[in-house]
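Enquirer: my questions are about this predicted structure, shown below with the sequence.
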Amino acid sequence: LGLRADLREALDEGQIELRYQPKVDMRSGRISGVEALVRWRHPTGGLRPPDLFLPEMERAGLMELLTRRVLDLALTDCVRWRAAGATLAVSVNVPASVIVDPGFVDLVRGELELHGLPPSALVVEVTEDGLITVLEKAQRTLAGLRDHGVRVSLDDYGTGLCSLAYLLELPADEVKLDQRFLRDIDRDPSAAEIVRSTVSLAHALSLRIVAEGVETSRSWASLAAWQCDEAQGYFVSRPMTGERVLSWLKEWD
Ligand code: G
Ligand code: G
Ligand code: MN
Ligand code: NA
């Protein structure tokens, strides 16, 4: 009960913050967008990472509220970046429990309109986790988002039990290969082959592919050689505040 009340307070009292991690187009070297990553500014406990509170928020039925808040914060920052000349898209993580809500597409449309942003400013990242049991509802929502012009990204690709089924069943624009595959590509030929062939698979299905967790120049070089489209990870940048994004972009260019 204590934690649930704390989590409600986090949402009501503006304790939810975002950090942003850039995504780079590997061919041009340009920043294509940023992913919003949630943090909880705990009144006494410092800045908490999502794995320490998202499961409890899910259990408390607060994910819809959280997703609304994250959308609002992310789109607000996106408007600021655009006003300063940086036409970035922002990627927002949306859990299965929210994707199944038939009202989610209208919520997203409303938020974009409210902020005066085109649908191309937003990417919705969904994880396989939990989606297979609600496949038809998920299909409907994702198709609705894409019909409106919002891009859909299949996050943490390769870690679920039904990855290939997702590629077959879910309408999407992009696949994000989970960082665990990147970890070993420099020393494990199997990991390297999995990454290389997943890039080919994604392209054969007309999907863009993003590698997560790119930490070294060696990984970057391998991914570039395999024609991976985009990279995200500490090699490019750690997550940063919305304010920092603009100055970071200047240094990057
Ligand atoms: O930022 P960090 O690497 O600690 O994020 C850990 C995980 O938490 C990410 O893989 C992401 O899937 C999840 N996550 C981060 N931000 C959000 C968010 O705003 N909403 C949801 N539902 N999940 C998020
Ligand atoms: O949405 P997702 O679950 O994929 O979130 C990505 C998480 O991975 C974030 O919490 C982010 O802080 C973390 N992360 C991002 N880049 C790297 C990286 O290069 N190496 C490691 N170890 N973690 C990363
Ligand atoms: Mn993500
Ligand atoms: Na991920």
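Expert: Looks like it came in fine. Since this is a predicted model, take the numbers as computed values, not measurements. Ligands and ions are numbered 1, 2, ... in the order given.
Enquirer: tell me the contacts of the residue of the chain found nearest ligand 2?
Expert: Ranked by Cβ to the nearest ligand atom, the top residue of the chain for proximity to ligand 2 is residue 233, at 3.1 Å. Where C-beta positions appear, they are placed from N, C-alpha and C, glycine not excepted. Contact analysis of residue 233 by Cβ atoms under 8 Å, 6 or more residues apart in numbering lists 179, 182, 211-215, 219.
Enquirer: ok, now how distant is the nearest residue to it once chain neighbours are set aside from ligand 4?
Expert: Leaving aside its chain neighbours, residue 233 sits nearest to residue 214 (3.5 Å; criterion: Cβ to Cβ, 6 or more residues apart in numbering). Separation of residue 214 from ligand 4 (Cβ to the ion, to the nearest Å): 12 Å.
Enquirer: can you check residue 68 too?
Expert: Residue 68 is 21 Å from ligand 4, by Cβ to the ion.
Enquirer: surely that residue touches residue 107?
Expert: Yes. Taking contacts as Cβ atoms under 8 Å, residue 68 lies within contact range of residue 107: 7.0 Å.
Enquirer: for residue 43, give me the pLDDT.
Expert: For residue 43, the pLDDT comes out at 90.
Enquirer: so what's the residue count around it?
Expert: 11 (other Cβ atoms under 10 Å).
Enquirer: tell me which residues touch residue 192, please.
Expert: 184-186, 222.
Enquirer: top of those by number of neighbours, please.
Expert: In terms of neighbour count, residue 185 stands highest of the contacts of residue 192 at 23 neighbours, by other Cβ under 10 Å.
Enquirer: which helix or strand contains that one?
Expert: Mapping residue 185 onto the secondary structure by DSSP states H and E places it in no helix or strand at all.
Enquirer: what parts of the chain come near ligand 2?
Expert: Listed as neighbours of ligand 2 in the chain under the rule Cβ under 6 Å from any ligand atom: 21, 37, 93, 155-156, 179, 212-215, 233-234, 239.
Enquirer: let's see 8 Å
Expert: 19, 21, 35, 37, 49-51, 93, 125, 127, 155-156, 176, 178-179, 182-183, 212-215, 232-235, 238-239 (Cβ under 8 Å from any ligand atom).
Enquirer: and these, which are buried?
Expert: Buried members of the residues of the chain next to ligand 2, counted by 16 or more other Cβ atoms under 10 Å: 19, 21, 35, 37, 93, 125, 127, 155-156, 176, 178-179, 182, 212-214, 232-233, 235, 239.
Enquirer: show me where pLDDT drops low in this protein?
Expert: For the chain, the stretches with pLDDT under 70 are 1.
Enquirer: hmm, who's touching the longest strand belonging to it?
Expert: When the chain is parsed with DSSP state E, its longest strand is strand 31-42. Identification of contacts with strand 31-42 by Cβ under 8 Å, 6+ apart yields 6, 10, 15-25, 47-50, 52-54, 66, 70, 73-74, 88-93, 123, 125, 230, 232, 239, 245, 249, 252.
Enquirer: just the buried ones from those residues, in ChimeraX syntax?
Expert: To isolate the buried members of these in ChimeraX, using 16+ other Cβ under 10 Å:
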select :6,10,15,16,17,18,19,20,21,22,23,24,48,53,54,66,70,73,74,88,89,90,91,92,93,123,125,230,232,239,245,249
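Enquirer: now, which of the contacts of strand 31-42 lie close to ligand 1?
Expert: Contacts with ligand 1 within the contacts of strand 31-42, as defined by Cβ under 8 Å from any ligand atom: 18-19, 21, 49-50, 54, 66, 70, 92-93, 125, 239.
Enquirer: just these that are near ligand 4?
Expert: Applying Cβ under 5 Å from the ion to the ones next to ligand 1 among the contacts of strand 31-42, one finds that nothing falls near ligand 4.
Enquirer: now the two most distant members of the residues you listed.
Expert: 21 and 66 (18.6 Å; Cβ to Cβ).
Enquirer: could you tell me which residues of the stretch 151-253 of the chain lie near ligand 3?
Expert: Within the stretch 151-253 of the chain, the positions adjacent to ligand 3 are residue 155 by Cβ under 5 Å from the ion.
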